[in-house]
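Novice: Next input, structure requested:
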Amino acid sequence: MRIVLALVLVAPLLGAQVTPVAAPPPPTGQVVILADRAFDGRGGVLNNARIGVAQGKITSLAAPSSRAMTIDLRGYTVLPGWIDTHVHLDSHFDRTGRIANRSEPAAEAALGIANNAWVTLIAGFTTVQSVGAPSEAPLRDMIRDHGFPGPRVLTSLSPIQGDTTIGGDSLRAMVRRRKDQGADLIKIFASKSQRIGAGPTFSEEQLRVLCSEAASLGLRTMVHAYRSQAGAAARAGCREIEHLTYGTQADLDAAVKAGAYISPQVGLVVQNYLENKSRYVGAGGFTEEGMSVMERDLPLDFEICTLAVHTPNAKVVFSTDATAGAHGRNAEELIGRVQHCGQTPMAALVSANSLAAEALGMSDRLGSLAPGYDADIIALDGDPLTDITAVRRVVFVMRGGVVYKWAGTKAR
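Specialist: Here you go, the predicted model:
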């Protein structure tokens, strides 16, 4: 079934005509989910909840007994579907097992991105922000409009890259172009790759132009930033700042003052690169030297993350920067936040629920178990408050009232 659906995704990439069809609706009638332990996504714990779901929405946390279908998740931990605010769904390994490049046939590329979406969804991530390629737009649209199986997708399309010589008018035109192309947000590279020195690519004033233009168009911004560029992006009014490696407490303080969301990665992205080094090196600027830099400086990622989660009022949101090899393992970042940064398990979970929804500007419909919210609900085998590795054991996934994964449970 997944292959057939993936082929539907290929058609827009190949220029074929696809007859528009409406996305399949959630099941008719009410469903009641029984949960003796549930987290509301905001830091609260619900005991003996009866979660009513109808027409893709949560209707009640104390649904009355009725003839509705009942899904018994007692004995598991129930919580809102997770949100990853930084992935690269387009990044995948090709048929040879190497990182795919632009010469890959379009059909195979489409299958790769479709599979990434599927494994991300069944791992419990019901919404992702994918920030790196035009191919993410047809995937987003197929999931949203045609019922293609995957998480809800927001995309920046291609990121904005440049140098310190680009003038303000050109920068504004870049932002407007992404808006016209259908981007949900603007991704900005303020620093070069960590693998080649992490030097600056935009000045603080250029970042101010980019982020203010995006805001004027109703678009959020995400900035890839190392060193002092993290503080510069915060002062420039940019909304979400990623990585922060080699940053300082002053950069974190600037983010707090600006109300920006920040996200150092500690549990997945570098580890994945190192685990799959032979599949990356030699393509796309990946070198042995660059991999060595990431391995050498991984403890610095732990350091800035530890500072961040212990900085009062810091909005440390969940993101993984997942690329090929990491999709479907996004929850490793939750484990990393707890084990390497000293974040509490509940704070880590909230960072992937209500805080992530807030960062996306969707806190009125995602990230919480509450009446009126989208029925994005997952269940874990175990209690992550006492064993954070329970996040690896996702047994149930519902997105928008549709069940996509259901293992070890019974309906009646």
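
Novice: hang on, His86 in a strand?
Specialist: Yes. When classified by DSSP: H, G, I helix; E, B strand; the rest coil, His86 is found to be part of a strand.

Novice: Find the nearest non-adjacent residue to it, please.
Specialist: Excluding the flanking residues, the one nearest His86 by CB to CB, 6 or more residues apart in numbering is Ser319, at 3.4 Å. C-beta coordinates here come from the backbone N, C-alpha and C atoms, glycine included.

Novice: what about the strands in the stretch 1-150 of the chain?
Specialist: For the stretch 1-150 of the chain, the strands defined by DSSP state E, counting those that start in this stretch occupy 31-39, 45-54, 57-60, 69-72, 77-80, 82-87, 125-130.

Novice: for the longest one, packing partners?
Specialist: Counting by 3 or more CB pairs under 8 Å, 6 or more residues apart in numbering; DSSP states H and E, the packing neighbours recorded for strand 45-54 are strand 31-39, strand 57-60.

Novice: winner for burial among the ones you listed?
Specialist: Comparing these by mean neighbour count (mean count of other CB atoms under 10 Å), strand 31-39 ranks first with a mean of 22.

Novice: I'd like to know which elements that one is packed against.
Specialist: Helices and strands touching strand 31-39, by 3+ CB pairs under 8 Å, 6+ apart, are strand 45-54, strand 69-72, strand 77-80.

Novice: quick check: angle from the longest one to strand 31-39?
Specialist: Yep, that's strand 45-54 we're talking about. Angle, strand 45-54 to strand 31-39, by axes from the mean of the first three to the mean of the last three CA atoms, to 10 degrees: 160 degrees.

Novice: mind exporting stretch 300-318 as CSV, just the C-alpha atoms?
Specialist: In CSV, the C-alpha atoms belonging to stretch 300-318 read as follows (Å, rounded to 0.1, in the frame of the first residue of the first chain):
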residue,chain,number,x,y,z
LEU,A,300,30.3,21.3,23.0
ASP,A,301,26.8,20.6,21.8
PHE,A,302,26.2,19.0,25.1
GLU,A,303,27.6,22.0,26.9
ILE,A,304,25.4,24.6,25.1
CYS,A,305,22.4,22.4,25.5
THR,A,306,23.0,22.1,29.3
LEU,A,307,23.4,25.8,29.6
ALA,A,308,20.2,26.3,27.6
VAL,A,309,17.9,24.0,29.6
HIS,A,310,19.1,25.6,32.8
THR,A,311,18.7,29.2,31.6
PRO,A,312,15.5,30.7,33.1
ASN,A,313,12.8,31.4,30.6
ALA,A,314,14.7,29.9,27.7
LYS,A,315,12.3,28.4,25.1
VAL,A,316,14.2,25.2,24.3
VAL,A,317,12.1,23.7,21.6
PHE,A,318,12.4,20.2,20.2
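
Novice: Strands along the stretch 201-350 of the chain, start to end?
Specialist: Ranges of strands in the stretch 201-350 of the chain, per DSSP E, counting those that start in this stretch, are 220-225, 240-243, 261-263, 315-316.

Novice: list the contacts for Gly29?
Specialist: When contacts are counted by CB atoms under 8 Å, 6 or more residues apart in numbering, Gly29 touches Ala54, Ala68, Met69.

Novice: Closest one to Arg227 out of those residues, please.
Specialist: Distances from Arg227 to the contacts of Gly29, taken as CB to CB, are shortest for Ala54 (50.0 Å).

Novice: Could you list the low-pLDDT ranges of the stretch 251-400 of the chain?
Specialist: For the stretch 251-400 of the chain, no stretch has pLDDT under 70.

Novice: repeat that with 90
Specialist: Low-confidence segments of the stretch 251-400 of the chain (pLDDT under 90): 284-285.

Novice: Report the contact partners of the residue nearest to the spatial centre of the chain.
Specialist: Nearest residue to the geometric centre of the chain (CA atoms, centre = their mean): Asp84, 2.1 Å. By CB under 8 Å, 6+ apart, the residues touching Asp84 are Thr120, Phe125, Thr127, Val128, Gln129, Phe318, Ser319, Thr320, Ala322, Asn330, Ala352, Ala356.

Novice: just the buried members of the residues you listed?
Specialist: Among the contacts of Asp84, the ones that count as buried by 16 or more other CB atoms under 10 Å are Thr120, Phe125, Thr127, Val128, Gln129, Phe318, Ser319, Thr320, Ala322, Asn330, Ala352, Ala356.

Novice: mind putting those residues in JSON lines, distance to Ala258 included?
Specialist: Formatted as JSON lines, those follow (distance: CB to CB, whole Å):
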{"residue": "Thr120", "distance to Ala258": "30"}
{"residue": "Phe125", "distance to Ala258": "27"}
{"residue": "Thr127", "distance to Ala258": "24"}
{"residue": "Val128", "distance to Ala258": "25"}
{"residue": "Gln129", "distance to Ala258": "20"}
{"residue": "Phe318", "distance to Ala258": "19"}
{"residue": "Ser319", "distance to Ala258": "18"}
{"residue": "Thr320", "distance to Ala258": "23"}
{"residue": "Ala322", "distance to Ala258": "26"}
{"residue": "Asn330", "distance to Ala258": "27"}
{"residue": "Ala352", "distance to Ala258": "22"}
{"residue": "Ala356", "distance to Ala258": "18"}
